[in-house]
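K.L.:
Provided below for reference: sequence and predicted model.
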Amino acid sequence: MSEKVMTELPRRIIREIAHWAEEEKVDKSTLLTKIIEEGLDAWKMNKALELYRTQKVTLWKAAEIAGVTLAEMLAELPKRGIVFQYDLDELREDLKYD
């Protein structure tokens, strides 16, 4: 299911969208959807990692927010220079799930 969304974009962006839609041989709507999906995925990852870095959520919750596996989230930490944080309370919580 989809829904129409109206927005104004700068001409520079409109020109780039038209250019890349032609390059990719897709219509502008398809390209925009792809760009928005990729951007949203990146935004969710950034948001989740920031929440984790500031100790507002656990790594499990950060992975859930970002829509990725725990392994994918763990792999992202060193790429972003974020220190893995794990304390005794988290260990106890994780052991409950085994």
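P.N.:
In hand now; what should we look at? Numbering: from 1, shown residues only.

K.L.:
alpha carbons only for contacts and neighbour counts from here, please
P.N.:
Noted.

K.L.:
may I ask which helix or strand of the chain has the lowest mean pLDDT?
P.N.:
Lowest mean confidence among the helices and strands of the chain (mean pLDDT, DSSP states H and E): helix 88-96, at a mean of 76.

K.L.:
would you mark the buried spots in that helix?
P.N.:
By neighbour count with 16 or more other CA atoms under 10 Å, helix 88-96 contains no buried residues.

K.L.:
try stretch 12-25
P.N.:
Buried residues in stretch 12-25, defined by neighbour count with 16+ other CA under 10 Å: 17, 18, 21.

K.L.:
report the contact partners of the closest residue to residue 69 other than its chain neighbours.
P.N.:
Computed as CA to CA, 6 or more residues apart in numbering, the closest residue to residue 69 that is not its neighbour in sequence is residue 63, at 5.9 Å. Residue 63 makes contact with 48, 69, 70, 72, 73, according to CA atoms under 8 Å, 6 or more residues apart in numbering.
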